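K.L.:
sequence and computational prediction follow.
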Amino acid sequence: MRLTQDTSTAEEQRSDTNGQFSFPDVAAGPFRLTITAPGLQPQTLAGTLNPGEIHILSATTLPVATAVTAVNVGVASVEVAEEQIKLQEKQRVLGAIPNFLVSYIPDAVPLNSSQKFKLAGRMMIDPFTFVMVAGAAGIAQGQNHFAGYGQGAAGYAKRYGAGYADMASATFLGSAVFPSLFKQDPRYFYKGTGSKPSRLLYAVGNAVICKGDNGHWQANYSNVLGNLAAGGISNLYYPEQDRNGPALTFENGAIGIATTAVANVFQEFVVKKLTPKLPKHDQGKP
């Protein structure tokens with residue numbers, strides 16, 4: 001209980017177990033009495049105490065305080081990422097060539113490990129991926145590249161297997177395994193703004209830098225190590241005369257990194273114009 005008067009300082013008292021209280025020696029004049037209790041709405045009473053008067057209050061009931069509960073309604077980030085992945089899986093250059101590992105949403109939600117493996121796996125089993133590998137194997141056979149594989153159907157099958165293994169290991173390691181270990185985003189984030197030299201530098205640089213799951217830019221360990229590891233694995237199935245041990249590993253790794261840089265440049269300046277299905281809110285950007 002808090003008693004306030006114009007002529008004196010405020011006084012406070014606690015009620016007893018029966019809810020009774022008193023203020024002795026209260027000066028005559030106007031007063032304000034505020035009654036409070038935990039969980040109940042406070043009540044303020046006002047009156048005037050005449051000289052020599054004893055003021056007795058009638059029973060006062062405090063209503064229960066109104067409970068206010070704040071509820072924040074939101075969508076889990078993993079669900080937002082799933083929706084963004086669905087958009088990416090519709091991205092096909094000329095309506096056919098898969099372009100899933102590119103985000104046209106600059107602030108896209110980071111992927112968890114499961115989503116990284118899912119996106120990489122989607123690239124590896126896409127029908128057009130097999131078509132591209134088949135075409136590359138045919139060119140390699142026509143040029144008698146990896147002569148140790150021979151010619152004919154058997155030679156073509158070996159070149160096809162090697163080509164698919166190169167693509168699959170680079171994609172699986174560089175876009176799923178290492179990004180999960182290093183907590184990095186395997187996607188290329190389209191820039192689309194700024195001068196052409198700045199965009200060119202950004203695209204090339206993204207072969208060796210990337211966005212982390214924390215949203216900060218960092219060294220792209222995933223792509224570099226993914227390409228080196230894929231180069232090392234290729235020693236297991238390339239013809240013996242084409243196996244150079246560490247030399248082949250670093251050669252294929254360097255080729256993979258350079259290929260990433262070139263692909264990024266095409267992504268930044270060409271591919272978007274040839275990709276019909278993009279996030280709707282991004283269609284107005286260059």
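P.N.:
Arrived safely.
K.L.:
show me what counts as buried in the strand or helix carrying F250.
P.N.:
Here F250 sits within helix 246-269, counting by DSSP states H and E. Neighbour-count burial for helix 246-269, counted by 16 or more other C-beta atoms under 10 Å, picks out 248-249, 252-253, 256-257, 260-261, 263-265, 267-268. C-beta coordinates here come from the backbone N, C-alpha and C atoms, glycine included.
K.L.:
do a quick rundown of the strands in the stretch 51-200 of the chain.
P.N.:
92-93, 97-98, 102-103, 188-189 (DSSP state E, counting those that start in this stretch).
K.L.:
can I get these in JSON lines including mean neighbour count?
P.N.:
Shown next, in JSON lines, are these (neighbours: other C-beta atoms under 10 Å):
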{"stretch": "strand 92-93", "mean neighbour count": "18"}
{"stretch": "strand 97-98", "mean neighbour count": "17"}
{"stretch": "strand 102-103", "mean neighbour count": "22"}
{"stretch": "strand 188-189", "mean neighbour count": "21"}
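K.L.:
just so I know, which of those strands lies nearest Q84?
P.N.:
Of all the strands of the stretch 51-200 of the chain, it is strand 102-103 that lies closest to Q84, at 7.2 Å by C-beta to C-beta.
K.L.:
next one: the closest one to chain centre, how far?
P.N.:
Centroid separation for strand 102-103 versus its chain: 12 Å, with C-alpha atoms, centre = their mean, to the nearest Å.
K.L.:
adjacent strands (with direction) for that strand?
P.N.:
Strand pairing for strand 102-103, determined by DSSP bridges: strand 188-189 (parallel).
K.L.:
list of residues touching the partner strand?
P.N.:
Residues from elsewhere that reach strand 188-189 (C-beta atoms under 8 Å, 6 or more residues apart in numbering): 101-103, 106, 108, 206, 211, 263-264, 267.
K.L.:
of those residues, closest to Q91?
P.N.:
Nearest to Q91, judged by C-beta to C-beta, of those is V102 at 6.5 Å.
K.L.:
may I have the beta-bridge partners of that closest one?
P.N.:
Beta-bridge partners of V102, counted by DSSP bridges, are Y188.
K.L.:
touching, it and F266? I think so.
P.N.:
No - look at V102 against F266 with C-beta atoms under 8 Å: they stay out of range, at 10.4 Å.
K.L.:
helices and strands around the helix holding F250, which ones?
P.N.:
Helix 246-269 makes packing contacts with strand 188-189, helix 196-205, helix 221-233 when contacts are defined by 3 or more C-beta pairs under 8 Å, 6 or more residues apart in numbering; DSSP states H and E.
K.L.:
how many neighbours does E240 have?
P.N.:
Neighbourhood size, E240 [other C-beta atoms under 10 Å]: 7.
K.L.:
helices along this structure, start to end?
P.N.:
For the chain, applying DSSP state H gives helices covering 77-88, 113-124, 127-142, 152-172, 178-182, 196-205, 221-233, 246-269.
K.L.:
show me where the stretch 151-286 of the chain dips below the pLDDT cut-off.
P.N.:
244-245, 247-248, 252, 277, 279-286 (pLDDT under 70).
K.L.:
hmm, 90 instead?
P.N.:
Applying pLDDT under 90 to the stretch 151-286 of the chain flags residues 166, 170, 215, 223-224, 226-260, 273, 275-286.
K.L.:
residues contacting the most centrally placed residue in the chain?
P.N.:
Closest residue to the average C-alpha location of the chain: P110 at 1.7 Å, with C-alpha atoms, centre = their mean. By C-beta under 8 Å, 6+ apart, the contact list for P110 reads 77, 81, 185, 213-215.
K.L.:
need the max-distance pair from those residues.
P.N.:
Pairwise distances across the contacts of P110 peak at 14.7 Å for A81 and N214 (criterion: C-beta to C-beta).
K.L.:
out of the two, which sits in the more crowded spot?
P.N.:
Taking other C-beta under 10 Å, A81 and N214 do not tie; A81 has more neighbours (18 against 10).
K.L.:
what sits against the nearest residue to that one once chain neighbours are set aside?
P.N.:
Closest residue to A81 apart from its sequence neighbours, by C-beta to C-beta, 6 or more residues apart in numbering: V109 at 4.3 Å. By C-beta under 8 Å, 6+ apart, the contact set of V109 is 77, 80-81, 84.
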